[in-house]
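Asks: From the sequence below, what's the structure:
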Amino acid sequence: MAAEPGVSEELHGLLARVPQIGGALAATVDGFVLAEALGPVRTARTAQTGHDGQAALRPDAEPLAALTAAALGLAFRMNEATGRGAFRELLIHGELGYVATYAAGPSAVLTLLADDRANVGRLHLEGRRTAGRIAATLAASRHSPPLPAASPPASAGGAVVARDSPEDESRRPPLERRRRNPPSPP
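Replies: Model (predicted):
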């Protein structure tokens, strides 16, 4: 995996600023790794035995990116079902710490792994700021293409209806496609 220029530096800077964050991952909303800074994390087994240093595991970036994409899909659907608007962040609090995921522009997410001593306010503050800088970095490197201009409205029986061509729809970043095409009710 080749780290995205600038994104890896943002992740390492975040880890240096907040020591309770043990790992950071930037990925596309489709589950592909852009950059990662993942270190060993404490697991339930190491917490029970008291041997944090001996059996600590380093999470694999690719499966974590895939899980992040799956969690993002669930969070998006939950927001849609409850009328809470566009996805911004997701926080999971487990027995041994936190997993926080933040939108980093329309086509990327930032996932942070923090220990149970982390200050959640600081985690959110630094996570949101870093996600914003990652979004700007990706936009500058043209990995977040600008949204295409909407096609002119088409008249349908006196009503004005805006329609995008299939080509326009396929070029939209994944989060924007989801917003424009909400899932149909079961």
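
Asks: need the helices for the chain, in chain order.
Replies: 7-17, 44-49, 61-82, 120-140, 166-171, 174-180 (DSSP state H).

Asks: quick one, which of those is nearest to residue 107?
Replies: helix 174-180 (6.0 Å; Cβ to Cβ). In this view, the C-beta of every residue, glycine as well, is placed from N, C-alpha and C.

Asks: tell me the mean pLDDT for the closest one?
Replies: Average pLDDT, helix 174-180: 55.

Asks: re the thing from before, columns mean neighbour count on top of the helices of the chain, output as JSON lines?
Replies: Formatted as JSON lines, the helices of the chain follow (neighbours: other Cβ atoms under 10 Å):
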{"stretch": "helix 7-17", "mean neighbour count": "18"}
{"stretch": "helix 44-49", "mean neighbour count": "12"}
{"stretch": "helix 61-82", "mean neighbour count": "16"}
{"stretch": "helix 120-140", "mean neighbour count": "18"}
{"stretch": "helix 166-171", "mean neighbour count": "11"}
{"stretch": "helix 174-180", "mean neighbour count": "16"}
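
Asks: Send over stretch 101-119 as CSV, restricted to the C-alpha atoms.
Replies: Output of stretch 101-119 as CSV, limited to C-alpha atoms (Å, rounded to 0.1, in the frame of the first residue of the first chain):
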residue,chain,number,x,y,z
THR,A,101,-14.9,7.4,12.6
TYR,A,102,-15.2,10.9,11.0
ALA,A,103,-16.2,12.0,7.5
ALA,A,104,-13.1,13.4,5.7
GLY,A,105,-14.8,15.0,2.7
PRO,A,106,-17.3,13.3,0.4
SER,A,107,-15.2,10.2,-0.4
ALA,A,108,-12.9,9.5,2.6
VAL,A,109,-13.2,8.7,6.3
LEU,A,110,-10.8,8.8,9.3
THR,A,111,-10.9,6.0,11.9
LEU,A,112,-9.2,6.4,15.2
LEU,A,113,-8.5,3.8,17.9
ALA,A,114,-8.2,5.3,21.4
ASP,A,115,-7.7,3.7,24.7
ASP,A,116,-10.2,3.8,27.5
ARG,A,117,-8.4,6.7,29.3
ALA,A,118,-9.0,9.0,26.3
ASN,A,119,-10.8,12.3,26.8
